[in-house]
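A.B. asks: Just to be clear, the model below is a prediction. Sequence and coordinates:
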Amino acid sequence: MDRNPSPPSSEAEEEEGDAVGNTVYSKHWLFSILTRLIEVISPEKTEPAVSPEEIQTELDEEMENDICKVWDMSMDEDVALFLQEFNAPDIFMGVFAKSKCPRLTEICVGILGNMACFQDICMSISKDENLGQVLLQRLCDSDSPTLLETSRLLLTCLSQPEVANVWVERIRENPSVYDCVCFIMSSSTNVELLVKVGEVVDKLFDLDEELMLNWIKNGTCRSVGPSVDDSPEELPDFKIVPCILEAAKQVRSDNPEGLDVYMHILQLLTTVDEGIQAIVQAPDGGKETWSLLYDLVCHELCQPDDPPIIVQEQKTILASILSVLSAMFASQTEQEYTKMRKNMPLIGSLIRILQYMEGCGKRSVDNSKESEQQETGRADLNEEDFHLKILKDICCELLSNMLQELTKENMLEGLHQGHLNEQTCSCAFQNLLPLYFASVESFLEVLREADQTLADNLEKRFPSLKVHT
């Protein structure tokens, strides 16, 4: 990046003992920067013409260039260990406590983030309770670059199994983290920041169900920022869901991976009853959640003009979305947005996903024959098949539940709109039988009222249905 120039190397004439580890970086130079950093936050005197506030909020260009070089250099383990040895984390603590310069704070958090990529240093940083508390306070910062680097650091630590629980417990004991994270998700327009914060929340919920439950319950009795709603007190205010939805809408068009993250967070919420209730008992009854997910499935993902292989690329986000829709449909069948007359396009989309998966299945079989002598190839294919199977199971469960709710009028509408025909019904039956026999049988009974000929043709293609007629 342009803002971070290439790090300096020691001159050829410098003594060999000045090198940091096996690098060409100079210990003396690094030490001098740390010393200057201490002087920046603890100046001996202030020039009369310059106010103390101005000195604190602006970073000298030369100092910024040098500290940015250290930021780059800290990606090297030898340099990171050197910084650890000379108490750089403690110096950065002083920066966080005294400096009013956002750029300096951002860089120092960024350096710590690089250092935390190395296990031993990550353990040392994580076990420092004071540093841990100060870093969590950075989540309340108003500076987006600092928030981004803080989130990156937290994600790095949470991804280290040896220290993840330390951070989970620390975050659980700091209610302000919930407020700060919700505020970021609900108000930030910085897509890069939203994605990183989403990854932190996703990791936290995946690691600790108790913390997820706490955050769900927090939203029922606390508000993020000043209240702008005069709603009656007896109406619960589930903050976590609206915040997730707002962030998802922000990243939707610019960052598909970020959208995937937020859809997975919603899916994690549905793994506990309290999470499902947080979605469907929101003031709008879950309408906003359903509308967003419906729109994604019916108008953006796995579309008719996409090649079937697209389902392989989109399998994780589709699985997350369909899981949430399935949980909502099962728990809120009386809500207007779940009425079948409004959801025939969703049935068409579910069947199209199954059709595309059949195409991918045939491709996987062909590829596996070509890869019989390649262990890695087979492992990759097995992983692909595993994720596709998860998607298929979720898709079939939702489809079976929706088919059972169809009326004759719904059926006629689906036939007229092209969502239901012999090809799509055959694909649905092929995937639903025999596990969802009752659902298929119920569907077929209603179909006879709408289109007897189509029902007869399907019975011929699936003899097991005719036997039970």
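C.D. replies: Perfect, thanks for sending it.

A.B. asks: From now on I want contacts and neighbour counts done on CA atoms only, so please keep to that.
C.D. replies: OK.

A.B. asks: so how many other residues sit close to the nearest residue to Trp167 once chain neighbours are set aside?
C.D. replies: Counting by C-alpha to C-alpha, 6 or more residues apart in numbering, the nearest residue to Trp167 once its immediate chain neighbours are dropped is Leu158, at 6.7 Å. Neighbour count for Leu158, taken as other C-alpha atoms under 10 Å: 21.

A.B. asks: ok now do Leu158, which residues does it touch?
C.D. replies: Ala164, Asn165, Trp167, Val168, Val200, Lys203, Leu204 (C-alpha atoms under 8 Å, 6 or more residues apart in numbering).

A.B. asks: most neighbours, which of these?
C.D. replies: The contacts of Leu158, ranked by neighbours (other C-alpha under 10 Å): first place Leu204, 24 neighbours.

A.B. asks: Tell me who's in contact with Leu399.
C.D. replies: Ile347, Leu350, Ile351.

A.B. asks: What does the pLDDT read for it?
C.D. replies: Listed pLDDT for Leu399 reads 98.

A.B. asks: now Glu370
C.D. replies: Glu370 is assigned 53 on the pLDDT scale.

A.B. asks: still on that earlier bit, closest one of the contacts of Leu158 to Ala247?
C.D. replies: Val200 (13.3 Å; C-alpha to C-alpha).

A.B. asks: thinking the closest one is in contact with Thr156, fair?
C.D. replies: No. Contact criterion C-alpha atoms under 8 Å: Val200 and Thr156 do not qualify, at 9.2 Å.

A.B. asks: Point to the helix or strand of this structure where mean pLDDT is at its lowest.
C.D. replies: helix 52-57 (a mean of 55; mean pLDDT, DSSP states H and E).

A.B. asks: before we move on, the earlier item: make CSV from the contacts of Leu399 and add secondary structure and distance to Val324 to it.
C.D. replies: Compiled in CSV, the contacts of Leu399 are given as follows (DSSP: H, G, I helix; E, B strand; the rest coil; distance: C-alpha to C-alpha, whole Å):
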residue, secondary structure, distance to Val324
Ile347, helix, 15
Leu350, helix, 14
Ile351, helix, 18
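
A.B. asks: Quick check: the gap between the closest residue in space to Thr270 that isn't next to it in sequence and Leu350.
C.D. replies: Among residues not flanking Thr270 along the chain, Ile276 sits closest, at 4.9 Å (C-alpha to C-alpha, 6+ apart). Look at Ile276 and Leu350: by C-alpha to C-alpha, to the nearest Å, they are 22 Å apart.

A.B. asks: Give the next helix or strand downstream of the least confident helix or strand of the chain.
C.D. replies: Following helix 52-57 in sequence order, the next helix or strand is helix 61-73 (DSSP states H and E).

A.B. asks: List the buried residues for that following helix?
C.D. replies: Glu64, Asn65, Asp66, Ile67, Cys68, Lys69, Val70, Trp71, Asp72, Met73 (16 or more other C-alpha atoms under 10 Å).

A.B. asks: other SSEs contacting the helix or strand following that helix?
C.D. replies: Following helix 61-73 in sequence order, the next helix or strand is helix 77-85 (DSSP H and E). On a contact count with 3 or more C-alpha pairs under 8 Å, 6 or more residues apart in numbering; DSSP states H and E, helix 77-85 meets helix 102-115, helix 119-127.

A.B. asks: Using a markdown table, lay out the ones you listed together with mean pLDDT, distance to Asp306 and mean neighbour count.
C.D. replies: Output for the helices and strands packed on helix 77-85, formatted as a markdown table (pLDDT from 0 to 100; distance: least, C-alpha to C-alpha, whole Å; neighbours: other C-alpha atoms under 10 Å):
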| stretch | mean pLDDT | distance to Asp306 | mean neighbour count |
| --- | --- | --- | --- |
| helix 102-115 | 96 | 40 | 24 |
| helix 119-127 | 96 | 43 | 18 |
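
A.B. asks: So for Asp393, which of those sits nearest?
C.D. replies: Asp393 lies closest, by C-alpha to C-alpha, to one member of these: helix 119-127, at 38.3 Å.

A.B. asks: what's the closest one packed up against?
C.D. replies: helix 77-85, helix 129-137, helix 164-172.

A.B. asks: In the stretch 151-300 of the chain, mark out all the helices, start to finish.
C.D. replies: Applying DSSP state H, counting those that start in this stretch to the stretch 151-300 of the chain gives helices spanning 164-172, 175-187, 191-207, 209-221, 240-251, 256-269, 273-280, 287-299.

A.B. asks: could I get those helices as CSV with distance to Gln84 and mean pLDDT?
C.D. replies: What follows is the helices of the stretch 151-300 of the chain, written out as CSV (distance: least, C-alpha to C-alpha, whole Å; pLDDT from 0 to 100):
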stretch, distance to Gln84, mean pLDDT
helix 164-172, 20, 97
helix 175-187, 27, 93
helix 191-207, 25, 98
helix 209-221, 31, 84
helix 240-251, 36, 96
helix 256-269, 33, 97
helix 273-280, 41, 94
helix 287-299, 46, 97
